[in-house]
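**Q** got a predicted structure here, sequence first:
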Amino acid sequence: MTRLAIDAMQAAGEIADFSRRMAAGALALATLEAPAEGCSARDIVHREDGIVLYRYRPQAASAGLPPVVICYALVNRPYMMDLQPDRSLIRGLLARGLDVYLIDWGYPGAADRFLELDDYVNRYLGGCIDHVRHTLGVPAVNLLGVCQGGTLALCHAALHPEGVRNLITMVTPVDFHTPENLLSKWIRGVDVDRMVEAFGNIPGELLNATFLSLMPLRLTSQKYAGIADIADDPAALANFLRMENWIFDSPDQAGAAFAQFIRWFFQENRLVLGGLMIGGGRVDLRQLDCPVLNIHAAQDHLVPPSATLPLRGLIGSHDYTSFEFDGGHIGIYVSARAQEILPRTIAEWLEKR
């Protein structure tokens, strides 16, 4: 049996140095100002209840394309799309002359516990799209759905195909029962009705803890240990703080809509198997006949490629493009490589249509 040769004095010195750098990093973080929600100039153009629609101010000459409406997930805040000047998908789209709108779902309160998916898919998302169409005088918009927001966008486009000219989905779950889907495996056994009965609205902190538990070492201890390596880098510390602010800025979820999403999608997989009814309308992806660009992340632990790629065989459209980004669920928004690749890919795809 081979014994490891450990220099006790060297080990003690390394531990002391690590502790010093961690303390310095923590102190520096404590002195930083709280990051703002997004970095690009925008205006509120539409409100309904707690839902806000933003229009971003142009940063380049217009490309002459229909507007892009971004539908983000309900479970996180949408400023991940515009986190900082050099980490902003929205800025990348604006730089290519696109007219960009973003839906902010806000923070559901106690009075919102009875909101259903019908409200989000038809009334709120539909209201935002109709506002853009009527204000600009265009028959249809380009709809960009992100993560859970992509699933909502698919449902809306299938129910109201006349209002969607092109559909882009990013890291969007479609088949919720693939073997690699750890979140789906965990949540399929949850009594969601009992959760809603106990909480009313589902606490965002509870959902956030669930997401972190999927990769506990990497997303907690390993991540925080990395502060020691950036203790003397103010820019890196500011980037770290922005990400932490976003990760833990988790809105509560409207109880009824949450229960429906968990039951119909995670537990019953209705988007793939059929039988999905929202607001009295049957969601049949074969009714979706507009061009579709489906973007997924190769190392995504929340929405593995196997969960999103089945979309190709479910839609009625013959104009389908799949694009794989070599990264993870968060890296697809904020990695340095994504800033050039994704805006260019989206803009060029839209220009051809």
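**A** Noted; the coordinates are in hand.
**Q** and the pLDDT for the residue nearest to residue 73 when sequence neighbours are not counted?
**A** Nearest residue to residue 73 in three dimensions, chain neighbours excluded: residue 148, at 3.7 Å (C-beta to C-beta, 6 or more residues apart in numbering). Heads up, the C-betas are built off the backbone N, CA and C, glycines and all. We have a pLDDT of 96 for residue 148.
**Q** in the stretch 51-200 of the chain, which spans are strands?
**A** Residue ranges of the strands in the stretch 51-200 of the chain, as given by DSSP state E, counting those that start in this stretch, are 51-56, 68-71, 82-84, 87-88, 100-104, 141-146, 164-170.
**Q** list of residues touching the third one?
**A** Read it as strand 82-84. Contact with strand 82-84 is made by 35, 38-40, 88-91, 102, 239, 242-243, 246, 333-334, as judged by C-beta atoms under 8 Å, 6 or more residues apart in numbering.
**Q** among those, name the buried ones.
**A** For these, a burial check counting by 16 or more other C-beta atoms under 10 Å picks out 35, 38-40, 88-91, 102, 239, 242-243, 246, 333-334.
**Q** farthest-separated two in those?
**A** Between any two of the buried ones among the contacts of strand 82-84, the greatest separation by C-beta to C-beta is 21.4 Å, found for 102 and 239.
**Q** show me where the stretch 151-300 of the chain has helices.
**A** Assigned by DSSP state H, counting those that start in this stretch, the helices in the stretch 151-300 of the chain fall at 182-187, 192-199, 204-213, 216, 222-225, 234-247, 255-261, 270-273.
**Q** and of these, who's closest to residue 152?
**A** When the helices of the stretch 151-300 of the chain are ranked by proximity to residue 152, the top entry is helix 255-261, at 8.9 Å, counting by C-beta to C-beta.
**Q** what is that closest one packed up against?
**A** In terms of contacts (3 or more C-beta pairs under 8 Å, 6 or more residues apart in numbering; DSSP states H and E), helix 255-261 is packed against helix 117-118, helix 192-199.
**Q** which of those helices has the lowest mean pLDDT?
**A** Among the helices and strands packed on helix 255-261, helix 192-199 has the lowest mean pLDDT, at a mean of 92.
**Q** buried residues, that one. List them.
**A** By 16+ other C-beta under 10 Å, the buried positions in helix 192-199 come out as 192, 195, 196.
**Q** in this structure the second one contacts residue 202, no?
**A** Looking back up the chat, that one is residue 195. Yes: here residue 195 lies in contact with residue 202, judged by C-beta atoms under 8 Å, at a distance of 6.3 Å.
**Q** what is in contact with the two at once?
**A** Taking C-beta under 8 Å, 6+ apart as the contact rule, residue 195 and residue 202 have no neighbour in common.
**Q** which residues of the protein score low on pLDDT?
**A** Per-residue confidence of the chain (counting by pLDDT under 70) places the weak regions at 1-6, 8, 11, 14-15, 17-20, 22-26, 28-29, 32, 34-35, 211-223.
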